[in-house]
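Chemist: model this:
(one chain, ligands or ions: 1)
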Amino acid sequence: MPKYSTYQEVKSQLIDGTCTTVDVVQNYLDRIEASKELNIYVEVWAEEALAIAKSQDERRQNGEELGRLAGLVVSIKDVICYQDHKVTAGSKILDGFTSLFSATAVQRLLAEDAIIIGRTNCDEFAMGSTNETSYYGPTRNAADPERIPGGSSGAAAVAVQADTCLVALGSDTGGSVRQPAALCGVIGLKPTYGRISRHGLLAYGSSFDQIGVLSNSVADAALLLEIMAGADDFDSTASTEAVPAYSTLKNDGKPSKVAYIRPALEHPGLDEEVRANAQSFLDSLKAAGHEVEAVEFDLLDYIISAYYVLTTAEASSNLSRYDGIRYGHRSDESENLLETYQKSRTEGFGTEVKRRIMLGTFVLSAGYYDAYYARAQKVRRLLVEQLNGIFVDYDFICLPATPTPAWPLGESLDDPVAMYLSDIYTVAANMAGIPAISLPSGTHGSTGLPLGMQLMAPAFGEADLLSFATTIQ
Ligand code: GLN
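Modeler: Model (predicted):
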């Protein structure tokens, strides 16, 4: 079977009878089997997916009208709830836990007949940039299995890269959809904060978290966004802003004004060949008639620190619910309640998660709150103001998605700070809550590894962002 690059291709083949839904699902299951060594899936729901496919084929034969995503095969990151299916956030602490309800995003996809094929591996509680902090071991990059796929939605990116599903749902708190998308050569969309309900997304940093889409085409990202977005009674932070018909919007062909952040391109941490790739991407935008200009920005050196202060603070609170009593793993070794808490958490959480809970607790502590947490909030406010200032004059901001291509497995495990610094270009969109998309931009000259460029737009500017991305994809 050919590799489908858009749902439109699948849909036309299903309608004209070139293939059945069972064929489509079976093909992805075969691909999952063939790519097992990449460690993409924590669990595959093969029989269930085939049964749903069969019933869709029967409904189609009977002339019934099917949903807008009939036959669309999607994987979900192991932080997104699907009723009566396991979800563990890549952590031992949720071992054996089964979702009691479906995330709103999942519910909306199912209501349109999407078929969920399995849950993908990820960094534990989405904390990481390499997929190596998972309890289930690292996922490998299909472009070079000795390298990381990025993270935390690393396996979601590889799931699309290795053609094991058409689209993947991930989550993006500081770049987790866009960074792995770039490192694996696929598209990654992080919507505006609140565009998609977070109900049923296991929380990491609640004021940052957002469900995102990894795909081969901008069209599919737009279609999924359109179906998942919108107000939700279960999440008061989900926006009530009307949802445009993202999937049918056409670009008016007018040139756009694109700003690139000069200090980002001049940053000493930026790999030379990534810089050259970024430069040629900007040149191609100019050649296509868009106005491309450098802008100044003086917060680049502060946003990583601020991001890690704020997200660890939120994480330390969010993860307090995993106490060995209510969910998942409970220690067998404890003799009283306090020991149950202590030992269950000690045994259940991995090193990176413990580091972040401790850091988050520290920055919130009475003696240090003002020095860290309150200051980081001020940086966040300044960042929003600077970005809004840029959007007064420009439609989009463009910058690389990552400072380097995918690095070798194991390299960042001993140096978490180096790993944190690799998020330098992605965290701004989460700090400001604005939408951003990572688009494949070719390969890194000397290693041949995939690279991606990122475009950011003002809050709720997805319609313009997606139609611009379509023209340059
Ligand atoms: N790498 C970042 C972190 O570890 C981003 C993770 C994410 O977006 N979930 O926090």
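Chemist: Which pLDDT value belongs to the spatially most central residue of the chain?
Modeler: Geometric centre of the chain, nearest residue: Val177, 2.4 Å, by C-alpha atoms, centre = their mean. Note for Val177: predicted pLDDT of 98.
Chemist: My read is that it contacts Leu169, right?
Modeler: No - applying C-beta atoms under 8 Å as the test, Val177 and Leu169 come out as separate, 9.0 Å apart. Where C-beta positions appear, they are placed from N, C-alpha and C, glycine not excepted.
Chemist: picking that back up, next, the nearest residue to the residue nearest to the centre of the chain once chain neighbours are set aside: secondary structure please.
Modeler: In this structure, Val177 finds its nearest non-sequential neighbour in Gly212, 3.5 Å apart by C-beta to C-beta, 6 or more residues apart in numbering. Per DSSP: H, G, I helix; E, B strand; the rest coil, the local secondary structure of Gly212 is strand.
Chemist: could you list every residue that touches Gly212?
Modeler: Gly212 makes contacts with Ser153, Leu169, Gly170, Ser171, Asp172, Ser176, Val177, Arg178, Gly188, Leu189, Lys190, Pro191, as judged by C-beta atoms under 8 Å, 6 or more residues apart in numbering.
Chemist: where exactly do the strands run in the stretch 101-250 of the chain?
Modeler: Under the criterion DSSP state E, counting those that start in this stretch, the stretch 101-250 of the chain carries strands at the ranges 115-120, 167-171, 187-190, 211-215.
Chemist: what residues are up against Asp252?
Modeler: Listed by C-beta under 8 Å, 6+ apart, Asp252 has no contact partners.
Chemist: Which of the strands of the stretch 101-250 of the chain sits closest to the ligand?
Modeler: strand 167-171 (6.0 Å; C-beta to the nearest ligand atom).
Chemist: Report the buried residues of the closest one.
Modeler: Neighbour counts over strand 167-171 (16 or more other C-beta atoms under 10 Å) mark Val167, Ala168, Leu169, Gly170, Ser171 as buried.
Chemist: could you dump the residues you listed to a markdown table with distance to the ligand and pLDDT?
Modeler: A markdown table is the format used below for those (distance: C-beta to the nearest ligand atom, whole Å; pLDDT from 0 to 100):
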| residue | distance to the ligand | pLDDT |
| --- | --- | --- |
| Val167 | 18 | 98 |
| Ala168 | 14 | 98 |
| Leu169 | 13 | 98 |
| Gly170 | 8 | 98 |
| Ser171 | 6 | 98 |
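Chemist: residues from the protein in reach of the ligand?
Modeler: Counting by C-beta under 6 Å from any ligand atom, the residues of the chain lying close to the ligand are 126-129, 152, 171-176, 204, 311, 423.
Chemist: nearest to Ser331, of these?
Modeler: Closest approach between the residues of the chain next to the ligand and Ser331, by C-beta to C-beta: Met127, at 21.8 Å.
Chemist: Can you pull out the low-pLDDT segments for this protein?
Modeler: Judged against pLDDT under 70, the chain has no low-scoring part.
Chemist: Let me know the outermost residue of it.
Modeler: Distance from the C-alpha centroid of the chain peaks at Glu335, with 40.4 Å (C-alpha atoms, centre = their mean).
Chemist: what's around Pro138, how many residues?
Modeler: Per other C-beta atoms under 10 Å, the neighbour tally for Pro138 reads 24.
Chemist: Can you tell me how far the closest residue to it other than its chain neighbours is from the ligand?
Modeler: Among residues not flanking Pro138 along the chain, Glu132 sits closest, at 4.4 Å (C-beta to C-beta, 6+ apart). Distance, Glu132 to the ligand, by C-beta to the nearest ligand atom, to the nearest Å: 11 Å.
Chemist: Glu132: what's it in contact with?
Modeler: By C-beta under 8 Å, 6+ apart, the neighbours of Glu132 are Asp123, Pro138, Ile148, Gly151, Leu409, Gly410, Ser412, Leu413.
Chemist: is it true that the fourth one touches Gln179?
Modeler: Yes - with contact taken as C-beta under 8 Å, Gly151 and Gln179 are classed as touching, separated by 7.3 Å.
Chemist: can you list residues touching both of these two?
Modeler: Shared between the contact lists of Gly151 and Gln179 (criterion: C-beta under 8 Å, 6+ apart) are residues Ser129.
Chemist: neighbour-wise, which of those two wins?
Modeler: Using other C-beta under 10 Å as the criterion, Gly151 and Gln179 rank with Gly151 on top: 35 against 32.
Chemist: wait, what's in contact with that one?
Modeler: Cys122, Asp123, Gly128, Ser129, Thr130, Asn131, Glu132, Thr133, Ser176, Gln179, Pro180.
Chemist: Kindly recompute the last result at 7 Å.
Modeler: Cys122, Asp123, Gly128, Ser129, Thr130, Asn131, Ser176, Pro180 (C-beta atoms under 7 Å, 6 or more residues apart in numbering).
Chemist: next one: Lys86
Modeler: Contacts of Lys86 by C-beta under 7 Å, 6+ apart are Glu43, Phe97, Thr98.
Chemist: what's near enough to touch the last one?
Modeler: Under the criterion of C-beta under 7 Å, 6+ apart, the contact partners of Thr98 comprise Asp84, His85, Lys86.
Chemist: for Val274, same thing?
Modeler: Pro400, Pro403, Thr404, Pro405, His444, Leu451 are the contacts of Val274 under C-beta under 7 Å, 6+ apart.
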